[in-house]
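**Q** Just need the structure, nothing else, for what follows:
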Amino acid sequence: MEIPASGTSASSSKSTKPPRKTRSIQACNSCRKHKTRCEILDGIDQPLIRCHRCKVLGADCSYQTMDRSLFETAFPVKSENNSSTCRYRSDPNTSPTISNASIHNDIFPNLPHQIWSFLRLPRGTLDWTAPLEAIQGLMKRVSGTHDRPPPPIPNDTLEAILSPEQIDHLIAIFEHNYLPWLNFNLIRDRVSPFLNLACCVIASRHLGEGTRSLVAPRLQALFTNCVAKMILQSRKSETLESIQCLLILSLWVPVCGIDEGSRDGRLLIASAVTMAMNMRLNEACDLSVALRESQAKGEEVSSQDLLSATDRARLWLALTNVESLLCTGSGRHPLSKRTGSYLKMVALSPDLPGSNLIAGQDLRLRLLAELFDITEAGIAIRLRSLSDTDIEYWHDGFMRVLGSMDRVTRILTPLPMVAEFDGFYFKTLHIIERTCRSLILYHACLTARQHFVNSEIDNPYWFRQVRPRGLDVLLIWGKESVAVAESVLVTFLEADVRLLGTMPDYMFNMIAFASSFVTGVRFLVIHVGVDFPGSIERLLERTICKLNQCSLSSDSAAAKCSALITAMLKLWMDRMDIAEDGPRESSPPPYSLYSRRSSGHSEPGAQSPRTTSSGFFQSLESRSTDWSNPGLLRDSTFWNNVSSTHNVY
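**A** Take a look at the predicted model:
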């Protein structure tokens, strides 16, 4: 089964140097007016050039009237070294400061990575330097398309769609199934019709299929129209209610069998963060801590002021966590920034997670914030050169990050078993923690790999030229990355299936990423004639089964994830049928830990001649593999050594 592909192949290019920076274009009028990020995600070959935000909102964009040649200058023709998604970078001198949230890390060219070659996609289709974003693109391909959303009915209201009893029922479903994921209680200072609408839209996925098919599209049309108006008129819509609504919709897509291809959760949460910053919610943590310290000193502090500041601080921390979640593995940087005050606001104690729901929610807010701070620090690390000093600096940076992750993991590990409340939500927090660690390890190997791809010293045994203090650290991290990916799936399988279907949609990308990673590694290892011991096949089969069990509809995130993993597993089974009929491929011998040189970072004769990188996209349906092609050979050799008996056991 071949995963569907769309679009044309990128033009061939033998250069592996990073693309030269191009002249920037000022953000469009609408984005400058509302101080939001401005980017072009669909390239300049579209009939009508509009920025992503204006396209999603269906608004006029000043780019429509600009000379197309300006964009052709700013966007050079894409090559295989460029991301298939063309991201627009606004001029920092003329654009709103928050546009930095959309800057994609382009230190290295976005070369496809051989570990995912088994997907048989055209070159340049996906950007695997942003793996969770690439996985989301794959899930859209596998799930197919749906009808466009119906236009909203003029003057439609929630009360016109649902009866009061139905509204109360759906709000109760939301509060029971989805509110715990937010880790704070909704702030309702007054009647909140828009917040009620948001809760009903998400909870409508629990309605019977017949009722949902009638009600959900109308609810979504109403809600989409309200969101568009709210974002376009953000200054008038800056309320706690609006912020919470955007946060909710950024985590869960309404499920009603219609196309949500133009929806961008990061755009929604970025709009919520912008509103929150304008309302100075980013100062709430500091204010809450200051009021508590004043109260501890015996000073008179209004209990209402302290409660309000604490509620706002929780909302701000939840906003930053959700934005970090949606940016994790996407190649984008969060707009929001956390200060260290959240560590004081939610202090750790010897009696975790506390004795009530609020204490558990606060603890999850803190642990998530720490996980994302650590992950963002790890993703920022780069290998500058192969000098001993730079390699050791690069290695020490990752060791500090992984050590910090170990500390959070130790605190988190027993919580699902000892928590009196919300044990499931502590359990699924492990999925995020494991994925964050996996992404850090992936990034560590990627930065080292790309250093060789961009240089003239590439060779099949590139990984043993990076040996800080004599350690074969890349083999160690490669081995761990496979184990961590498997642990993501194990954690998912251990969780309560009755609640798994309510996970934030982006977390299903994490399940699909872990599945694709172990599948890709297995493909590479089996290609060089090495057995890969373990239970990956059964693990994937059970993951698919559980995804189908927790899926609420055929267009839910769980169902899309299941469809993608099923397609991957079928590719593996088809490949095994071919492998049984023919001889296995040959490959360079595994690099032995016992025969390596005791000093230095290179070995005579290790370098192979430079050739074209077309092997990156060779179809795995072919029974033969060109091992003289270093573009294919490099990663296969690496994973062969990772799985080698000498290195693993």
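**Q** Show me which residues of stretch 293-305 are buried.
**A** Buried positions in stretch 293-305, judged by neighbour count with 16 or more other Cβ atoms under 10 Å: Val301. To be clear about C-beta, it is placed using only N, CA and C from the backbone, and glycine gets the same treatment.
**Q** just the helices in the stretch 451-600 of the chain please.
**A** Applying DSSP state H, counting those that start in this stretch to the stretch 451-600 of the chain gives helices spanning 473-494, 497-500, 505-527, 536-550, 557-581.
**Q** ok, residues contacting the fourth one?
**A** This means helix 536-550. Residues outside helix 536-550 that contact it (Cβ atoms under 8 Å, 6 or more residues apart in numbering): 486, 489-490, 492-493, 497-498, 500-501, 508, 511, 515, 518-519, 522, 558-559, 561-562, 565-566, 568-569, 572.
**Q** let's go with 7 Å and repeat that
**A** 486, 489, 492-493, 497, 500-501, 511, 515, 518, 522, 558, 561-562, 565-566, 569 (Cβ atoms under 7 Å, 6 or more residues apart in numbering).
**Q** How far does stretch 160-179 sit from its chain's centre?
**A** 30 Å (Cα atoms, centre = their mean, to the nearest Å).
**Q** before we move on, back to that, of the contacts of helix 536-550, grab the buried ones for ChimeraX.
**A** Buried residues within these, by 16+ other Cβ under 10 Å, are selected in ChimeraX with:
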select :486,489,492,500,501,511,515,518,522,558,561,562,565,566,569
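**Q** Can you tell me the closest non-neighbouring residue to Val488?
**A** Nearest residue to Val488, sequence neighbours excluded (Cβ to Cβ, 6 or more residues apart in numbering): Ala514, at 3.9 Å.
**Q** ok, now Ala444?
**A** Among residues not flanking Ala444 along the chain, Phe398 sits closest, at 5.1 Å (Cβ to Cβ, 6+ apart).
**Q** same check, this time on Leu207
**A** Spatially, and ignoring its direct neighbours in sequence, Leu207 is nearest to Val215 (6.6 Å; Cβ to Cβ, 6+ apart).
**Q** Let me know the pLDDT of the one you found.
**A** In this model, Val215 is scored at 86, pLDDT.
**Q** Next up, the contacts around it.
**A** By Cβ under 7 Å, 6+ apart, the neighbours of Val215 are Ile161, Leu162, Ser204, Leu207.
**Q** just to revisit the earlier point, the residue nearest to Val488 and Leu489 touch, don't they?
**A** Yes - here Ala514 reaches Leu489: they are 5.5 Å apart, a contact under Cβ atoms under 7 Å.
**Q** the inter-axis angle of the helix or strand encompassing Ser404 versus helix 473-494?
**A** Using DSSP states H and E, Ser404 maps to helix 388-412. On the basis of axes from the mean of the first three to the mean of the last three Cα atoms, to 10 degrees, helix 388-412 is oriented at 20 degrees to helix 473-494.
**Q** contacting residues around the helix or strand just after helix 388-412?
**A** Per DSSP H and E, the first helix or strand lying C-terminal to helix 388-412 is helix 415-418. Applying Cβ under 7 Å, 6+ apart, the contact partners of helix 415-418 are Leu352, Pro353, Gly423, Phe426, Lys427.
**Q** Next: stretch 363-378.
**A** Counting by Cβ under 7 Å, 6+ apart, 183, 314, 317-318, 320-321, 324, 328, 338, 342, 346, 352-354, 398, 401, 404-405, 408, 411-412, 425, 429, 432-433, 436, 439-440, 443 sit against stretch 363-378.
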